[in-house]
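Asks: pasting the sequence and the predicted model now:
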Amino acid sequence: MEYEQLINEIKEKYTNLGENPETYLKGLLQSKPITYWDYIQVDTLLSLQKTRTDFKDEAIFVMYHQVTELTLKMMLHEIKQLSEGENLSEEIWMNKLDRLKRYTRMLITSFDIMKDGMSYEDYNIFRDALTPASGFQCASFRYLELYTTRLPNLINNAGQKRLPENPTLDDYFENIYWKDAGLDRKTGKMTTTLRLFIEKYEADFKHLAKIVQGKTLEERIEQMENPSEELKEKLKQFDHFYNVAWPIVHLETAQYFLDSKGEEKTATGGSEWKKYLHPKYQQRKFFPNLWTAEEVEHWGEK
Ligand code: HEM
């Protein structure tokens with residue numbers, strides 16, 4: 001852009017805002033150059049790694065969870081664009097799905113970094129200091145599900161049988177698969193981990209589930225005129241990465257730290273974790289209509 005044109009556009013912008021362009025240009029003249037550390041907010045970011053004990057690997061444990069949170073935030077950023085955009089081209093979908101697959105692959109392949117160097121003994125001491133907190137209370141994980149798939153897909157087979165006819169939003173939430181991690185359905189009693197999670201987030205989850213109706217990725221695909229086979233394949237790959245491969249790596253990590261010495265330890269969140277965390281039990285699928293009946297039947301099996 002020509003220098004003069006630039007000045008004129010700046011003048012026009014601020015005049016339209018009812019402001020004096022000269023004041024803003026003077027401000028620009030005095031302003032300090034932007035730095036990497038201010039732009040990226042490095043000091044704030046690197047001040048968030050607070051441990052509760054002096055075990056060296058607790059810091060890695062905290063940071064690895066934070067890296068996962070940021071990764072989920074990037075994924076949600078992509079997913080929201082697909083959910084909010086109407087009639088997006090296949091090219092945009094392909095592009096975003098490739099990214100979503102890569103983010104998930106990153107989560108799958110990086111879990112070992114935290115697991116392999118961390119001492120079994122140290123973990124099993126420092127985790128007492130964080131009980132009853134659990135990765136289970138990760139809200140980003142639940143937001144991602146709600147943006148991606150219809151609510152009924154978050155109810156496992158046992159839950160489907162409990163649902164009344166014409167279920168309401170509250171009925172779906174009462175029977176959502178993740179409540180199996182801490183709700184005794186006979187007595188209505190909840191673990192502290194689940195109760196605190198629900199108190200903090202359930203109203204927000206319900207609100208999102210309401211406003212995202214008709215706009216989940218699953219529904220957006222169904223609104224497409226003729227989605228290509230290639231696109232469907234990418235959706236299936238993402239579904240499998242996120243709902244089978246990643247949960248298996250996570251479950252193997254839990255098995256290593258809680259059960260590899262035959263001690264069957266209780267998890268910090270108090271769930272029946274061996275059963276609960278298995279994709280075969282959870283039956284969570286984002287795009288169930290893209291899978292064959294046989295594939296659904298063998299979901300989560302190796
Ligand atoms: C030593 C490492 C880890 C162990 C032993 C572990 C163990 C567990 C267990 C047993 C549960 C079930 C709930 C409970 O009873 O607490 C759980 C849930 C969960 N954890 Fe982890 N975890 C580990 C690392 C991580 C990391 C790094 C993340 C990343 C944020 C994470 C995210 C989650 C999520 C999202 C759930 C809920 C899964 C679902 O509902 O399907 N976990 N974890």
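Replies: Nice, I can see it.
Asks: contacts, neighbours, all on C-alpha from now
Replies: Noted.
Asks: list the contacts of G270.
Replies: The neighbours of G270, taking CA atoms under 8 Å, 6 or more residues apart in numbering as the test, are P132, A181, G182, T191, T193.
Asks: assign a three-state SS to it, would you?
Replies: Counting by DSSP: H, G, I helix; E, B strand; the rest coil, the backbone at G270 sits in coil.
Asks: give me the pLDDT for it.
Replies: Here, the pLDDT recorded for G270 equals 83.
Asks: that one and the ligand, how far apart?
Replies: 4 Å (CA to the nearest ligand atom, to the nearest Å).
Asks: ditto for M1
Replies: Distance from M1 to the ligand, by CA to the nearest ligand atom: 46 Å.
Asks: D128 is in contact with E58, correct?
Replies: No: in this structure, E58 is not within contact of D128 by CA atoms under 8 Å, at 11.7 Å.
Asks: from the contacts of G270, which two are the most distant?
Replies: P132 and A181 (13.0 Å; CA to CA).
Asks: okay, those two: which has more neighbours?
Replies: Neighbours per residue, other CA atoms under 10 Å: of P132 and A181, the larger number sits with A181, 20 against 17.
Asks: for the ligand, what is the nearest residue in the protein?
Replies: Distances between the chain and the ligand by CA to the nearest ligand atom are smallest at G269, namely 3.1 Å.
Asks: tell me the contacts of that residue?
Replies: T131, P132, A133, S134, F136, G182, T191, T193, L194.
Asks: again, 10 Å this time
Replies: 130-137, 181-182, 191-194 (CA atoms under 10 Å, 6 or more residues apart in numbering).
Asks: near the ligand, list only the ones from these.
Replies: Restricting the contacts of G269 to those near the ligand by CA under 6 Å from any ligand atom leaves S134, G135, F136.
Asks: separate out the buried members of those residues.
Replies: With neighbours counted by 16 or more other CA atoms under 10 Å, the ones next to the ligand among the contacts of G269 contain buried members at S134, F136.
Asks: including secondary structure and pLDDT, could the ones next to the ligand among the contacts of G269 go into TSV?
Replies: Formatted as TSV, the ones next to the ligand among the contacts of G269 follow (DSSP: H, G, I helix; E, B strand; the rest coil; pLDDT from 0 to 100):
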residue	secondary structure	pLDDT
S134	coil	97
G135	helix	97
F136	helix	98
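Asks: burial check on K210, number of neighbours?
Replies: 13.
Asks: wait, it sits on L169?
Replies: Yes: counting by CA atoms under 10 Å, L169 is a contact partner of K210 at 7.8 Å.
Asks: identify the contacts common to the two.
Replies: By CA under 10 Å, 6+ apart, the residues touching both K210 and L169 are L151.
Asks: returning to what we had before: adding distance to G159, write the ones next to the ligand among the contacts of G269 out as CSV.
Replies: Formatted as CSV, these follow (distance: CA to CA, whole Å):
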residue, distance to G159
S134, 23
G135, 23
F136, 19
